[in-house]
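[1] make a model of this:
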Amino acid sequence: MANTAFERVQEARNPERPYTMDLLEIIFTDFTELHGDRRFADDAAMICGFAKLRGLEVAVIGQQKGRDINERRHRNFAMTKPEGYRKALRVMRLAEKFGRPVVTFVDTPGAYPGIDAEERGQAEAIAFNLREMAGLKVPTVVIILGEGGSGGALAIGVGDYVLMLENSVYSVITPEGCAAILWKDASQAPRAAEELCLTAGELKKFGLVDEIIPEAYSWKVELLEKDDDKSDKIARNLGGRIFEKLGELLKLSESELLEQRYRKFRKMGEWSGEKKA
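    Okay, here's the model as predicted:
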């Protein structure tokens with residue numbers, strides 16, 4: 001089990017961890033995938049569609065890394081392009097239109113930084129999603145599944161309730177990138193990981209995530225079959241918490257939901273003046 005911040009970073013990148021498509025098989029039923037942003041293309045790094053969670057109809061959106069090198073290239077290593085974020089927003093708006101709650105799975109090292117993505121409005125697409133998600137009239141539950149990298153994660157991370165797996169991370173920059181900027185030495189990544197406060201425990205303390213999901217088992221993707229005990233445990237622990245939180249949020253009126261979300265995010269970033277020990 002990971003102990004230091006950098007060990008948790010390495011665990012978050014573990015290729016044996018479940019990805020969005022794995023959890024769609026374990027937690028949800030009747031998944032129907034939607035493709036394309038209706039403007040440019042379909043981004044395989046972002047999985048979007050509608051499914052059922054214990055009979056509750058929901059929209060599901062998540063980033064997908066890929067298992068082997070061919071799939072990773074196809075999925076662009078989960079580095080989403082503008083069309084991926086616009087596809088996600090299209091599905092969120094459909095969910096809002098039909099009164100379906102939204103569930104998102106965050107797992108990306110960051111948004112794709114290529115010139116072609118910048119030419120198509122990468123920064124604008126991320127900023128637009130942040131604004132639009134803040135005003136969605138349906139409940140939104142976010143799960144930090146592995147890596148939560150910068151704006152690439154935030155673009156599907158504005159939620160009424162944010163769950164974070166115990167060994168996942170959520171940060172403005174990778175430890176290697178931070179170390180290269182601050183100390184001109186990427187080998188200082190473990191030091192940077194500590195300073196970034198990117199672990200689930202740190203983020204829960206700061207109020208940036210609402211709940212930590214324990215990982216009382218080692219991931220092994222090939223064992224995640226529907227009749228496997230480990231799959232059942234994931235379905236109970238993670239799927240159960242998602243279902244419970246959505247049930248609570250669905251009891252709120254539209255105005256109550258928006259007011260609660262507004263207050264949640266307004267509280268973030270308050271400065272106490274205390275230094276980290």
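[2] now the phi/psi pair for Met46, please.
    Met46 has phi and psi values of phi -120, psi 120 when expressed as degrees, to the nearest 10.
[3] which SSE is the residue lying closest to it once chain neighbours are set aside in?
    Excluding its sequence neighbours, the residue lying closest to Met46 (C-beta to C-beta, 6 or more residues apart in numbering) is Gly84, at 3.6 Å. For glycine as for every other residue, the C-beta is placed from the backbone atoms N, C-alpha and C. Using DSSP states H and E, the element containing Gly84 is helix 82-97.
[4] how far away from the center of its chain is that helix?
    15 Å (C-alpha atoms, centre = their mean, to the nearest Å).
[5] flag every buried residue along it.
    Residues 82-92, 94-96 are the ones in helix 82-97 that count as buried (16 or more other C-beta atoms under 10 Å).
[6] do stretch 245-257 as well
    Going by neighbour count (16+ other C-beta under 10 Å), the buried part of stretch 245-257 is 245-246, 249, 257.
[7] can you redo those as TSV with pLDDT?
    Written out in TSV, the entries for the buried residues of stretch 245-257 read as follows (pLDDT from 0 to 100):
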residue	pLDDT
Lys245	97
Leu246	97
Leu249	98
Leu257	98
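[8] now, these that are in helices?
    Cross-referencing these against helices under DSSP state H gives 245-246, 249, 257.
[9] so where do the helices sit in this protein?
    For the chain, the helices defined by DSSP H cover 5-12, 20-26, 69-74, 82-97, 115-119, 122-134, 150-154, 175-183, 189-196, 200-205, 229-234, 240-250, 254-266.
[10] mean pLDDT lowest for which of those?
    Taking each of the helices of the chain in turn, the one with the lowest mean pLDDT is helix 229-234, at a mean of 68.
[11] what's the closest of the helices of the chain to Leu56?
    For Leu56, the closest of the helices of the chain is helix 240-250, at 6.5 Å, according to C-beta to C-beta.
[12] who are the packing partners of that closest one?
    Here helix 240-250 is seen to pack against strand 46-53, strand 56-63, strand 140-149, strand 161-165 when contacts are counted using 3 or more C-beta pairs under 8 Å, 6 or more residues apart in numbering; DSSP states H and E.
[13] reformat those as TSV; add mean neighbour count and mean pLDDT.
    TSV is the format used below for the helices and strands packed on helix 240-250 (neighbours: other C-beta atoms under 10 Å; pLDDT from 0 to 100):
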stretch	mean neighbour count	mean pLDDT
strand 46-53	22	98
strand 56-63	24	98
strand 140-149	27	96
strand 161-165	23	96
